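> Would you be able to build a 3D model of this:
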Amino acid sequence: MEEFSLERLAELICGDDKSFAPVYRSSWYLTRFFESVGLPQFQHDGSTRKIWVLGCLRQCSDDELKQVILGLASPKTYKGNVEQLELALKSLNEVLNPEGFSVEINGVTPILKSIEPRLSRPLSLLPNGDKFTLSKPDFKLIGVEPEYSDLLDRRWEEVDKCLQNQAYLASIILMGSLLEGILNWALMKFPEKACRASASPKDNTGKPKPFRDWSLSQMIDVAFELGWLEIDVKRFSHSVREFRNLVHPYQQFKEGIIPDEDTCKISWQVVCASINDLEKHFVPLYKNGG
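Residues are numbered from 1 along each chain as shown. Prediction:
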């Protein structure tokens, strides 16, 4: 599993975030949880809980990670509390779906299945043969200033024109630039928070680099660290970033990628999902004058 997926799994085990994890586990209960899934070698030593749990997960083999995941998905873990079980399954699949796995309950038995990597939220794609049209994002809704919002609107219009003319490579490159534009705006709204993030790029003296020198990859990672993007959106945003890099002809030649309509559909869903995630945090601030 990717490092940030292990981090989210550690957060789910610790249970500090009630909107993400159904059960809070203190030191003794962390040890007990690992014992319950057949990993008695992990005895909490009193150190910071999340760091300790993450260290344990890093030591696990694939089979041991599977034991942890199935334990988190087991109805027995929640003693029949349906609400806790539903939250556990929802959060687990947010972590697992981008990794290519899904966890389900068969009767009272949790099952881990292999799937195609995907967003944990459903994608509303049009059937083959139907004309692909884009829903226009409302950038002003999250407080984007009118002039910058107009600029983003024009980029959206160019993406749409490229799609209607089957210029799929150009549309994906523009989607990446649109994603970069909205993330850059969001980070600049809260420069102190953004620069304090551990994922923010630093210069040789350890000071944060100016925003103009941030890569899209760094913007995505910092937005996730600040809680503005969910884990599935972070994972797939990096895929959109990689497609955007096809602006370099040799990169496309080396990877042998030829984007098509389906690639564009999925990429656009990721851009929209990113904007939706930002709305959750910025709309209340905008409405309250923040």
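
> Name the next helix or strand downstream of the helix or strand harbouring residue 185, please.
In this structure, residue 185 is located in helix 168-189 according to DSSP states H and E. From helix 168-189 onward toward the C-terminus, using DSSP H and E, the following helix or strand is helix 191-196.

> coming back round to it: now the helix holding residue 185, how far from the centre of its chain.
The chain centroid and the centroid of helix 168-189 are separated by 16 Å under Cα atoms, centre = their mean, to the nearest Å.

> Quick one: mean pLDDT over it.
When pLDDT is averaged over helix 168-189, the result is 92.

> can you give me the mean pLDDT across the helix or strand encompassing residue 232?
Take DSSP H and E as the rule and residue 232 turns out to sit in helix 231-244. Rounded to a whole number, the mean pLDDT of helix 231-244 is 84.

> and it, C-alpha only, in CSV?
Only the C-alpha atoms of helix 231-244 are listed here, as CSV (Å, rounded to 0.1, in the frame of the first residue of the first chain):
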residue,chain,number,x,y,z
ILE,A,231,-7.6,10.3,0.0
ASP,A,232,-9.3,8.9,-3.2
VAL,A,233,-9.2,12.4,-4.8
LYS,A,234,-5.6,12.8,-3.8
ARG,A,235,-4.6,9.5,-5.4
PHE,A,236,-6.4,10.2,-8.7
SER,A,237,-5.4,13.8,-8.8
HIS,A,238,-1.8,12.6,-9.1
SER,A,239,-3.0,10.5,-12.1
VAL,A,240,-4.4,13.7,-13.7
ARG,A,241,-1.1,15.4,-13.0
GLU,A,242,0.8,12.6,-14.8
PHE,A,243,-1.5,12.9,-17.8
ARG,A,244,-0.8,16.7,-17.8
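
> Helices of the protein, residue ranges please.
Across the chain, reading from the start of the chain, the helices by DSSP state H fall at 3-14, 27-36, 49-59, 62-73, 82-96, 146-164, 168-189, 191-196, 216-225, 231-244, 249-255, 261-287.

> List the buried residues in the fourth one.
It stands for helix 62-73. Across helix 62-73, burial judged by 16 or more other Cβ atoms under 10 Å covers 64, 65, 67, 68, 69, 70, 71, 72, 73. The way it works is simple: take the backbone N, C-alpha and C, and place the C-beta from them, glycine included.

> Nearest to residue 105 among those residues?
Within the buried residues of helix 62-73, the smallest distance to residue 105 is 7.0 Å, found for residue 73 (Cβ to Cβ).

> Return the residues in contact with that closest one.
Counting by Cβ atoms under 8 Å, 6 or more residues apart in numbering, residue 73 touches 85, 88, 89, 92, 103, 105, 110.

> Name only those of the residues you listed that count as buried.
Applying a neighbour-count criterion of 16+ other Cβ under 10 Å, the buried members of those are 85, 88, 89, 92, 103, 110.

> Brilliant, that's me finished.
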